[in-house]
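Colleague: Any chance you can model this:
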Amino acid sequence: MILRCPDCRTRRTTRGLFMRHVQATGHKLCRCGGYHYAHRPGSPLCAYNPLSALRLADRDGADEDDLIRCALYIISETPALAPKVQALLEDWKIDVQSIR
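Modeller: Below you'll find the model as predicted:
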């Protein structure tokens, strides 16, 4: 297993080495609850990632209509995220023409 530091992105091969590096450097891990472990702030399911609600809905088994509603909400709140939302839906093979 390879663990990457959230700040400097260096790699550690064991959890012990990783934790010693984080403690020695003061680099921060996020514990928002998006994952069941401490992680890099802004990771795909991290609460600080603006697309996390959409990804969490997909992980929790939301149907296509719910995912589209969630995508529309994100776009309405932050129009600059529209290309990222569209790319994510395309990756999931959801017809993005229906949300335009």
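Colleague: Relative to the helix or strand of the chain with the lowest mean pLDDT, what are the paired strands and their orientations?
Modeller: Lowest by mean pLDDT, DSSP states H and E among the helices and strands of the chain is strand 3-4, with a mean of 86. According to DSSP bridges, strand 3-4 has the following sheet partners: strand 11-12 (antiparallel).
Colleague: ok, back up a step: how far away from the center of its chain is the least confident helix or strand of the chain?
Modeller: How far strand 3-4 lies from its chain's middle: 16 Å, per CA atoms, centre = their mean, to the nearest Å.
Colleague: Check whether the most centrally placed residue in the chain sits in a helix, strand or coil.
Modeller: With distances taken as CA atoms, centre = their mean, residue 44 lies nearest the centre of the chain, 1.2 Å away. Of the three states, residue 44 takes coil under DSSP: H, G, I helix; E, B strand; the rest coil.
Colleague: show me the contacts for it.
Modeller: Contacts for residue 44 (CB atoms under 8 Å, 6 or more residues apart in numbering) come out as 51, 52, 55. C-beta coordinates here come from the backbone N, C-alpha and C atoms, glycine included.
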